[in-house]
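Chemist: turn this into a structure:
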Amino acid sequence: MNLLETHLIKHCSPTLASLKMANLFNYSYWTERELMESMEYWNKQMSGKGIRLFVLRKSNRRALIYVCRFSDLERELRKPQTAEFLRRYGYEDLDVSGAIERLKARLQTSEEFPHEIGVFLGYPLEDVTGFIDNAGKRFLHSGVWKVYSDREEAEKIFYKYKKCTDIYIHLWEGGKSVWQLTVAA
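Modeler: Residues are numbered from 1 along each chain as shown. Predicted structure coming up:
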């Protein structure tokens, strides 16, 4: 369980702290059983805090793991502009489970990376559409995501995420558990 715990702290601290809706990371595993047991363990640990973990894709003993604040994602998917945007990419069922299943399918079958994933990570919709419309070029700033709308606000957010991660790593290395560091929903 410890290796996945390390990834949660290093890659998901802003989500654990309830500053960010979701994070994503690649996780190497030895066996399918080990992966499923780790996912089951952490989903059980985090469910009371409002966080869920999903395997979005697996290949060559590497899993793409999505960690989200379930209620935040639910709220985002209910926004009319988000729903309208996602429907362009075939998202018909916009409850959380249905949307994640569609994202998984897009990750498995799409010829190009499904950049709408930015919505699932809590990036501003203007920046997600800006990235898609500009093919990742002509951005104002690059940090956690490529910024096309409000550079100043994005820089503040990037700083907050970095500071949060630094603090969480320090606290975790000092003996605090991931569960103790996770803010309840």
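
Chemist: from now on I want contacts and neighbour counts done on CA atoms only, so please keep to that.
Modeler: Will do.

Chemist: what comes up buried for the strand or helix carrying residue 86?
Modeler: Counting by DSSP states H and E, the element that carries residue 86 is helix 80-87. Buried positions in helix 80-87, judged by neighbour count with 16 or more other CA atoms under 10 Å: 82-83, 85-86.

Chemist: pull the residues that contact it.
Modeler: 76-77, 94, 116, 119, 125 (CA atoms under 8 Å, 6 or more residues apart in numbering).

Chemist: please redo it, this time with the cut-off set to 6 Å
Modeler: Outside helix 80-87, the residues that touch it by CA atoms under 6 Å, 6 or more residues apart in numbering are residue 77.

Chemist: what do you get for stretch 131-150?
Modeler: With CA under 6 Å, 6+ apart, stretch 131-150 has contacts from 127, 130.

Chemist: which helix or strand contains residue 92?
Modeler: Judged by DSSP H and E, residue 92 forms part of no helix or strand.

Chemist: could you give the number of residues near it?
Modeler: Counted with other CA atoms under 10 Å, residues neighbouring residue 92 total 14.

Chemist: what are the ranges of the strands in the chain?
Modeler: Taking DSSP state E to define them, one finds strands in the chain at 22-28, 51-59, 62-69, 141-142, 146-147.

Chemist: so can I have a markdown table of those showing distance to residue 90, mean neighbour count and mean pLDDT?
Modeler: Formatted as a markdown table, these follow (distance: least, CA to CA, whole Å; neighbours: other CA atoms under 10 Å; pLDDT from 0 to 100):
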| stretch | distance to residue 90 | mean neighbour count | mean pLDDT |
| --- | --- | --- | --- |
| strand 22-28 | 21 | 19 | 97 |
| strand 51-59 | 17 | 18 | 96 |
| strand 62-69 | 20 | 21 | 97 |
| strand 141-142 | 28 | 14 | 96 |
| strand 146-147 | 24 | 22 | 97 |
